[in-house]
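> just to be clear, the model below is a prediction. Sequence and coordinates:
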Amino acid sequence: MNELRVLIVDPRAIIRAAVAESLVEDHQVNVAATADDIGSTLLQAARVEPTVVVVSTSLDHALSSFCSRLHGMEKPPRILVFDAEPDADALLDAIESGADGYATGVHGMSGLAAAIRAIARGESVVPAAMLGSLLRHLIQRQREAAVAAERLVNLTPREREVLALLVEGLDQDRIAAALVISPETARTHLQRVLRKLGVHSRVEAVALVARTGLADRLQHIVERSA
Amino acid sequence: MTTKIERLPLRRQQVLLRDEETRSLLVDPDRGVTHVLNPTARAIWELCDGATTLEEVVNAICQVFSVPPGPASRDVAEVLMQFEEAGLVTWSSPGPGEG
């Protein structure tokens, strides 16, 4: 069972069929199955145990959730994200979502076939011309995370609880109820949190936490205080 | 917060990056020399901006290629030493008050 088995995921039937046919006929890549959404991907992956899942950026599903569902399988496949044209944001999303590579249609189907084989060998695939800007974006995220972590340290334990609940999606009144404090007190905490985080709105605070990967740490705060 | 003083690689402005179909080149017109870069060296070249630390480069490379920090550090240092030996980068000095 060491042979390369590929699962193609694209919501567009005609693209799915064309990619699969070209890979099989022209590039001798074994396409074991195709799928059009996350549900059929999981079913097909359980059935054929693919070595590599090639997922289109056209998939109408968050890539991070798609990758984590596949990584949670008993025999997790490697994941290659396929895009028609180079897109720096899509590449960043792919890498941050846990995909093993990102390939574009720039070098045609032979380029995709080469990327699939590289991914199957355990390599990471990123278009050479996009690697520098990807690393720069990741470094920017690291810096933002470091600044946010420093600011998070300056929050009091109560303010961290308030922030954690805000990230969970609770509004001021529900935060007050959860912490058994008055809405006015909750509002004061929220204002202090925004000031200490250096952001201007609750939406910005939530986005900052999400962007810097601190949501998990805050989740622990919620679990401990629950 | 950090007290560590780190010299940061800075690419020489005269050196030009040129992408060809299957490879990338650094052209040094002053010395009349052309260097061929692999994809990782090309990316490291782009990060030689005098503001990015070696640790930041290594962390980002580890995230993309799922490699441990030790080998990644050695590879990045090796590339930077080659850039330095070829006269392609200088090292930014700590500013006043930092040292």
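Sure, I can see it.
> can you give me the strands for the chain?
Using chain A. Counting by DSSP state E, chain A has these strands, from start to end: A:6-9, A:31-35, A:52-56, A:78-83, A:101-104.
> wrong one, chain B
B:8-11, B:16-19, B:24-28, B:33-37, B:89-92.
> which one of the strands of chain A is the most hemmed in?
strand A:6-9 (a mean of 27; mean count of other C-beta atoms under 10 Å in any protein chain shown). The way it works is simple: take the backbone N, C-alpha and C, and place the C-beta from them, glycine included.
> distance from that strand to the middle of the chain?
Here strand A:6-9 shows a centroid-to-chain-centroid distance of 19 Å under the convention C-alpha atoms, centre = their mean, to the nearest Å.
> and that strand, which strands flank it?
With DSSP bridges as the test, strand A:6-9 is paired with strand A:31-35 (parallel), strand A:52-56 (parallel).
> check which residues of the longest helix that chain B contains are buried.
Ranked by residue count, the top helix of chain B under DSSP state H comes out as helix B:69-85. By 16 or more other C-beta atoms under 10 Å in any protein chain shown, the buried positions in helix B:69-85 come out as B:Ala72, B:Ser73, B:Asp75, B:Val76, B:Val79, B:Leu80, B:Phe83.
> chain A: which of the residues you listed is nearest?
Nearest to chain A out of those is B:Val76 (C-beta to the nearest C-beta; 10.6 Å).
> who's in contact with the closest one?
By C-beta atoms under 8 Å, 6 or more residues apart in numbering or on different chains, the contact set of B:Val76 is B:Ile44, B:Leu54, B:Val57, B:Val58, B:Ile61.
> closest to A:Thr34 among those residues?
B:Ile61 (33.5 Å; C-beta to C-beta).
> buried ones in stretch A:106-120?
Buried positions in stretch A:106-120, judged by neighbour count with 16+ other C-beta under 10 Å: A:Met109, A:Leu112, A:Ala113, A:Ala115, A:Ile116, A:Arg117, A:Ala118, A:Ile119, A:Ala120.
> and the gap between the residue nearest to the first one when sequence neighbours are not counted and A:His189?
Looking back up the chat, that one is A:Met109. Excluding the flanking residues, the one nearest A:Met109 by C-beta to C-beta, 6 or more residues apart in numbering or on different chains is A:Ser22, at 4.5 Å. Relative to A:His189, A:Ser22 is positioned 58 Å away (C-beta to C-beta, to the nearest Å).
> for chain A, what are the low-confidence residue spans?
Scanning chain A for pLDDT under 70 picks out the ranges A:1-2, A:213, A:215-226.
> okay, now A:Arg141: neighbour count?
Residues near A:Arg141, counting by other C-beta atoms under 10 Å in any protein chain shown, number 17.
> wait, isn't it in contact with A:Leu214?
No. A:Arg141 lies out of contact with A:Leu214 (C-beta atoms under 8 Å); the separation is 11.6 Å.
> out of the buried residues of helix B:69-85, who's nearest B:Gln13?
Using C-beta to C-beta, those come closest to B:Gln13 at B:Phe83, 14.1 Å.
> where is the longest helix in chain A?
Chain A, longest helix under DSSP H: helix A:128-153.
> which elements pack onto that helix?
For helix A:128-153, the packing partners by 3 or more C-beta pairs under 8 Å, 6 or more residues apart in numbering or on different chains; DSSP states H and E come out as helix A:88-97, helix A:183-197, helix A:202-211, helix B:39-46, helix B:54-65.
> columns mean neighbour count and distance to A:Arg160 on top of the ones you listed, output as JSON lines?
Formatted as JSON lines, the helices and strands packed on helix A:128-153 follow (neighbours: other C-beta atoms under 10 Å in any protein chain shown; distance: least, C-beta to C-beta, whole Å):
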{"stretch": "helix A:88-97", "mean neighbour count": "19", "distance to A:Arg160": "24"}
{"stretch": "helix A:183-197", "mean neighbour count": "17", "distance to A:Arg160": "8"}
{"stretch": "helix A:202-211", "mean neighbour count": "16", "distance to A:Arg160": "11"}
{"stretch": "helix B:39-46", "mean neighbour count": "21", "distance to A:Arg160": "37"}
{"stretch": "helix B:54-65", "mean neighbour count": "20", "distance to A:Arg160": "25"}
